[in-house]
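In: Here is a sequence together with a model predicted from it:
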Amino acid sequence: MAAADALRLCPLIAFDQIAGGKYKLRALWVLGRGVSRYGEIRRSLVVACQGKAVTPRILSRELKELAARGLVERTEWPGVPPKVEYALTDLGRSLLPIIDEIIRWGLAGSHEAILAAAVAPRGRPTAPSSP
């Protein structure tokens, strides 16, 4: 085995480092529908989080990280207030099939059973209930 092969990062860990975070996948999904402004992305996150507002600081950080990784392109036009739009790059669009599969898995309800079973009253883990 070559030395370079021994140092390769596990693809699952790499994906988590690239797209992991509280809002990154959702932001990528929103941008998969087309170019969006910051406020549109933020409103979509409020709906997805069932009314809990994402802080501007956190969303800005997540979008900057996605841009730094080459997944999102940020375009700013001068003006008052400045107009900023975000769009997926080709690399960002390459993640859309993965995001679609995650959504398909979630629509089956598997995540609900896992999350409900993770913490029982008084914080004790429980076994999942049968359907």
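Out: Sure, I can see it. Numbering: from 1, shown residues only.

In: alpha carbons only for contacts and neighbour counts from here, please
Out: Fine.

In: hmm, who's touching the helix or strand encompassing residue 16?
Out: Residue 16 is part of helix 11-19 when elements are defined by DSSP states H and E. With Cα atoms under 8 Å, 6 or more residues apart in numbering as the test, helix 11-19 has contacts from 25, 66, 69.

In: and the following helix or strand past it, C-alpha only, in CSV?
Out: Remark: after helix 11-19, the chain's next helix or strand is helix 24-32, criterion DSSP H and E. The C-alpha coordinates for helix 24-32 follow below in CSV (Å, rounded to 0.1, in the frame of the first residue of the first chain):
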residue,chain,number,x,y,z
LYS,A,24,-25.3,23.3,5.5
LEU,A,25,-27.3,20.5,3.9
ARG,A,26,-30.5,22.4,4.1
ALA,A,27,-28.8,25.5,2.5
LEU,A,28,-27.5,23.3,-0.3
TRP,A,29,-31.0,21.9,-0.8
VAL,A,30,-32.5,25.4,-1.0
LEU,A,31,-29.8,26.5,-3.5
GLY,A,32,-30.5,23.3,-5.5
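
In: Do me a favour and average the pLDDT over helix 24-32.
Out: Helix 24-32 carries an average pLDDT of 94.

In: Check stretch 72-88 too.
Out: Model confidence over stretch 72-88 averages 92 on the pLDDT scale.

In: what do you get for stretch 110-123?
Out: The pLDDT scores in stretch 110-123 average 73.

In: how is the chain carved up into domains?
Out: As given by automatic domain parsing, the domain ranges for the chain are 11-91, 95-131.

In: got those domains as TSV, with mean neighbour count columns?
Out: Shown next, in TSV, are the domains of the chain (neighbours: other Cα atoms under 10 Å):
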stretch	mean neighbour count
domain 11-91	15
domain 95-131	11
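
In: where does the residue nearest the centre of the chain sit relative to residue 16, distance-wise?
Out: In the chain, the residue lying closest to the centroid (Cα atoms, centre = their mean) is residue 25, at 1.5 Å. Residue 25 sits 10 Å away from residue 16, taking Cα to Cα, to the nearest Å as the criterion.
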